[in-house]
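[1] structure for this input, please:
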Amino acid sequence: MLKKGLAIFGTIAVVFGLIMFFSYTGANDKEIKLRSLTTSQEEVCKANFDKMYKVIAQTAQVPSEFMKQSKEAFKEIYIPIMEGRYSNDRGGALMSWITESNPQFDLNAIGKLYERLQIVIESNREEFFNEQKKLIDYQREHHNFINSWWNKNIWGLASRGEIDIHIITSAKTKEVYATGEDNDIEVFNK
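    Below you'll find the model as predicted:
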């Protein structure tokens with residue numbers, strides 16, 4: 001009977017040991033995966049910010065260059081036409097100029113370029129915001145996992161430390177949070 005009791009106890013101890021071993025290795029592996037996921041997401045945020053900055057900067061150059069080239073093209077076409085047609089004729093030149101079909105400066109085209117720029121800025125900022133939200137969520141998930149009672153007190157996973165992340169923000173946001181006020185509602189400060 002004693003042998004049977006020892007065999008049962010031994011079996012229970014082995015099963016318990018296996019359960020504890022697999023529980024620890026599972027928790028350990030999950031912590032490593034969460035840490036890796038979070039640090040990888042921070043790299044995604046860096047790459048996304050770099051892409052966002054470059055896309056916005058380059059897209060913003062297009063309307064300016066378009067205006068510059070349009071202005072030069074307008075000068076090249078318009079000045080010779082005016083000089084050629086009206087330099088010798090002083091009489092009805094003004095009325096003739098008003099009624100003729102003249103080269104037009106296309107303000108709609110430049111307006112569309114600025115609309116495109118606005119969409120590029122908004123969509124890239126939204127994409128970057130979403131990537132930062134993922135980063136924050138991964139950090140939260142890691143924090144909760146290593147600080148759960150079992151993982152903290154039994155496996156000691158909290159001793160590995162929290163994951164530090166860097167959230168991109170602005171001086172304006174820091175000021176608003178420090179003062180608790182945001183009174184700046186002017187879009188175009190002059």
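[2] C-alpha only now, for contacts and for neighbours.
    Will do.
[3] by contact count, what packs against the top helix by length along the chain?
    The residue-count maximum for a helix in the chain (DSSP state H) belongs to helix 2-86. Contacts of helix 2-86 with other secondary structure elements, assessed using 3 or more C-alpha pairs under 8 Å, 6 or more residues apart in numbering; DSSP states H and E, are made with helix 107-146.
[4] flag the shaky bits of this protein, pLDDT-wise.
    Using pLDDT under 70 as the threshold, the predicted model of the chain has low-confidence ranges 78-105, 190.
[5] in it, which residue is closest to the centre?
    Closest residue to the average C-alpha location of the chain: F128 at 1.2 Å, with C-alpha atoms, centre = their mean.
[6] quick one: it from L117, how far?
    16 Å (C-alpha to C-alpha, to the nearest Å).
[7] number of residues surrounding H166?
    One way to gauge burial is a neighbour count; for H166, by other C-alpha atoms under 10 Å, it gives 11.
[8] Three-state assignment for it, please.
    For H166, the secondary-structure state derived from DSSP: H, G, I helix; E, B strand; the rest coil is coil.
[9] next one: it from Y138, what distance?
    According to C-alpha to C-alpha, H166 stands 13 Å off from Y138.
[10] repeat for W149
    W149 sits 19 Å away from Y138, taking C-alpha to C-alpha as the criterion.
[11] okay, the two: which has more neighbours?
    Each of W149 and Y138 had its neighbours counted (other C-alpha under 10 Å), and the higher figure belongs to Y138 (21 against 13).
[12] contacting residues for that one?
    With contact taken as C-alpha atoms under 8 Å, 6 or more residues apart in numbering, Y138 is in contact with 34, 37-38.
[13] what of V176?
    For V176, the contact set (C-alpha under 8 Å, 6+ apart) comprises D182.
[14] next one: V62
    Neighbouring residues of V62 by C-alpha under 8 Å, 6+ apart: L113.
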